[in-house]
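In: could you look at this predicted model? Sequence included:
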Amino acid sequence: MTPLERAAALERAGRLAEAADVLRAAPPGDARTLSTLGRVLLRLGQWREGAAAYEAALRLAPADPESLANYGVALAEMGALERAVDAYARALAADPNHAIAHYNLGNALRELRRFDGAIASYGRALRLQPGWPEANTNLGLVYAAIGRTDDALAAYGRTLAARPDHALAHNGIGLVFQARGELARAIAHFDRAIALAPEFAQARSNRAQLALLHGDFARGWPEYEWRLRVPGHAIPRTAAPRWDGGAIDGRTLLVRAEQGLGDTVQLVRFAPVLAARGARVVLETQPSIEHLMRTCPGLAAVVPRGEALPPHDLETPIASVPYRLGVTLDSIPRAVPYLAADAKLAAAAARRIRHRGTFAVGIAWQGNPVFPQDCHRSMPLRHFAPLAAVPGVRLFSLQKGPGAEQLAAAPFPVEDLGAALDASGGAFTDTAAAMMALDLVVVSDSAVAHVAGALGRPVWVVLPLTPDWRWLLEREDTPWYPTMRLFRQRRLGEWDEVFGRVAAALGAAAAASAGGAPPGRAATRARAGTTARTPEPSAGGRREAPGRGRTRAGGASPGRAGPRRPRRSR
């Protein structure tokens, strides 16, 4: 029996490590042996070693499509997506009908957010293998990411026609219905995904967020703990026990940031509550907002993520704190400000921004584009045009990063503060100072909104039809920030009507300010909204796995359809 034959028998028996040892001991210089070794190593999850085996095989057979396609899988798993795209392209140059290479190329392009290319690649894979459930599911993910909800539902529907028990597709359909405001249907599909795969953490996290959106914290907080089991989201545990909500008097509690900057800004408000219970509270935070976090009362220490942690008795993810405290809508800490801007920077910002007879409005329109639902929550700058037309209003851009490029073609006057903001002091240092000089902040759902609210500044947030869980439903106010007003879409994707309402309210605020009303009071317009609705009764894409064409269930960060990157090699 040759080494290849022995290795094949061991691989069929599932004895992968032994198969790899046989192949390593085989006579050198054979491309097929090296390629087989690479495949076995990928099945073992040894991406770097597998890539090295394929590199050796490709030196001997540089145009072998199987080695190139599987080399791309290894590179993608290592995070080298551009190199993976190149490997898949070389595989397809050698074999244009390689369906798996088309599929995996689609996955890499999707992760690189090259959505048009991903759609084309999945389409080619499906023409070669019609009805392929995973390809249709991933195609649905792409359509959902760019807001093409009808196309997303059609793709997921084709998945379910082939495999009615496809939990990832049900989860994806749930997210599409959620975005479209069809919340009962969304819950039904999340329920179905969980019934099919009870350990499907992403579906459970998505269902939890719908409960929180409805204001049902009693149901939402416990199930939201499933987010910590979503692949890619889990926080490495320290040696200390995780806090279960018990007594903390005299103990050091490490509170750990876990999601976006806005989440940290929103939830650090609980530090004084924990300190009042006798805890010595240490916050581990994203390094970029360390300076801002140090202004929060109740914190004994702030540690940037990546630095050595101080001794502590207990630890907790920051988004678990409301659950452990038993927070309800009525017990959310409402006192603002709980963060502060640097006084010298605020004075300098006031000299630049404040001019007699004008109403200064800071704007931001683009959140983090990697956020799963960003296509629904962010909007083009052009939608702010009605605000620029309000008499006496001056617009100041607070936009940083993606979206700021739109300023060059803005069809109305906007003074760009963003280019000079936060250049040296970390995220939101200068932004917070500028907010202190502005009469009003009008923004999309992003971290900028949370910072303005935490500073106690007048802030209006424009929201998609179905917003993130923290904004609840139907109301114009929010229990999280008393100086915030919410403007909600009435139809998915229609921003013009929303900004028409914002402009009308801005006109009234600017006129009131010109008439002598304090700017903050003129902009805030405290108004009780309708109460949160009672929840309606509750009833993916991956790269193909190497070896035998099977896929494995996976997940992603909260609000996602739960894909990992299925992969397959032949």
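Out: Noted; the coordinates are in hand. Numbering: from 1, shown residues only.

In: ok, the residue nearest to Gly147 when sequence neighbours are not counted - how many residues close by?
Out: What sits nearest to Gly147 in space, not counting adjacent residues and going by Cβ to Cβ, 6 or more residues apart in numbering, is Cys375, at 4.2 Å. To be clear about C-beta, it is placed using only N, CA and C from the backbone, and glycine gets the same treatment. The local packing of Cys375 (other Cβ atoms under 10 Å) involves 19 other residues.

In: please apply the same query to the one 5 residues further on.
Out: By the other Cβ under 10 Å criterion, the neighbourhood of Pro380 contains 11 residues.

In: dump the residue contacts of it.
Out: Applying Cβ atoms under 8 Å, 6 or more residues apart in numbering to Pro380 gives the contacts 365, 406.

In: I'd like the average pLDDT over the helix or strand where Gly140 lies.
Out: Gly140 is part of helix 133-145, with elements assigned from DSSP states H and E. Computed over helix 133-145, the mean pLDDT rounds to 97.

In: and that helix, what does it pack against?
Out: Applying 3 or more Cβ pairs under 8 Å, 6 or more residues apart in numbering; DSSP states H and E, one finds that helix 133-145 contacts helix 99-111, helix 115-128, helix 149-162, helix 167-179.

In: how about those helices, which one is nearest Gly232?
Out: Among the helices and strands packed on helix 133-145, the nearest to Gly232 by Cβ to Cβ is helix 99-111 (11.9 Å).

In: ok, and for that closest one, which residues are buried?
Out: 99-111 (16 or more other Cβ atoms under 10 Å).

In: so for it, mean pLDDT?
Out: pLDDT averaged over helix 99-111 gives 97.

In: next, the angle helix 115-128 makes with that helix.
Out: Helix 99-111 runs at 160 degrees relative to helix 115-128, counting by axes from the mean of the first three to the mean of the last three Cα atoms, to 10 degrees.

In: alpha carbons of helix 99-111, in PDB - could you do that?
Out: Extracted C-alpha coordinates of helix 99-111, given in PDB (Å, rounded to 0.1, in the frame of the first residue of the first chain):
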ATOM      1  CA  ALA A  99     -18.100  25.600  -8.800                       C
ATOM      2  CA  ILE A 100     -16.500  25.500  -5.300                       C
ATOM      3  CA  ALA A 101     -13.800  28.100  -6.300                       C
ATOM      4  CA  HIS A 102     -16.600  30.400  -7.600                       C
ATOM      5  CA  TYR A 103     -18.400  29.900  -4.300                       C
ATOM      6  CA  ASN A 104     -15.400  30.500  -2.100                       C
ATOM      7  CA  LEU A 105     -14.400  33.500  -4.200                       C
ATOM      8  CA  GLY A 106     -17.900  34.900  -3.500                       C
ATOM      9  CA  ASN A 107     -17.300  34.400   0.200                       C
ATOM     10  CA  ALA A 108     -14.000  36.200   0.100                       C
ATOM     11  CA  LEU A 109     -15.500  39.100  -1.900                       C
ATOM     12  CA  ARG A 110     -18.400  39.300   0.500                       C
ATOM     13  CA  GLU A 111     -16.000  39.600   3.500                       C
END
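
In: next, count neighbours for Ala26.
Out: With other Cβ under 10 Å as criterion, Ala26 counts 18.

In: kindly provide the distance from the residue nearest to Gly147 to Ala420.
Out: 29 Å (Cβ to Cβ, to the nearest Å).

In: and the helices in the stretch 251-400 of the chain?
Out: In the stretch 251-400 of the chain, the segments counted as helices under DSSP state H, counting those that start in this stretch are 261-267, 271-276, 290-293, 321-325, 343-353, 374-377, 385-388.

In: out of the ones you listed, flag the one nearest Ala208.
Out: Per Cβ to Cβ, nearest to Ala208 of the helices of the stretch 251-400 of the chain: helix 321-325, 10.0 Å.

In: CA atoms only: put the closest one into CSV for me.
Out: Once non-C-alpha atoms are left out, helix 321-325 reads as follows in CSV (Å, rounded to 0.1, in the frame of the first residue of the first chain):
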residue,chain,number,x,y,z
VAL,A,321,-24.6,44.3,33.4
PRO,A,322,-28.2,45.4,32.8
TYR,A,323,-29.2,41.7,33.0
ARG,A,324,-27.3,41.1,36.2
LEU,A,325,-28.8,44.3,37.7
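
In: flag the shaky bits of the stretch 401-550 of the chain, pLDDT-wise.
Out: Within the stretch 401-550 of the chain, the ranges that satisfy pLDDT under 70 run 418, 423-424, 516-550.

In: how about the strands in it?
Out: Counting by DSSP state E, counting those that start in this stretch, the stretch 401-550 of the chain has strands at residues 415-416, 440-444, 459-463, 484-488.
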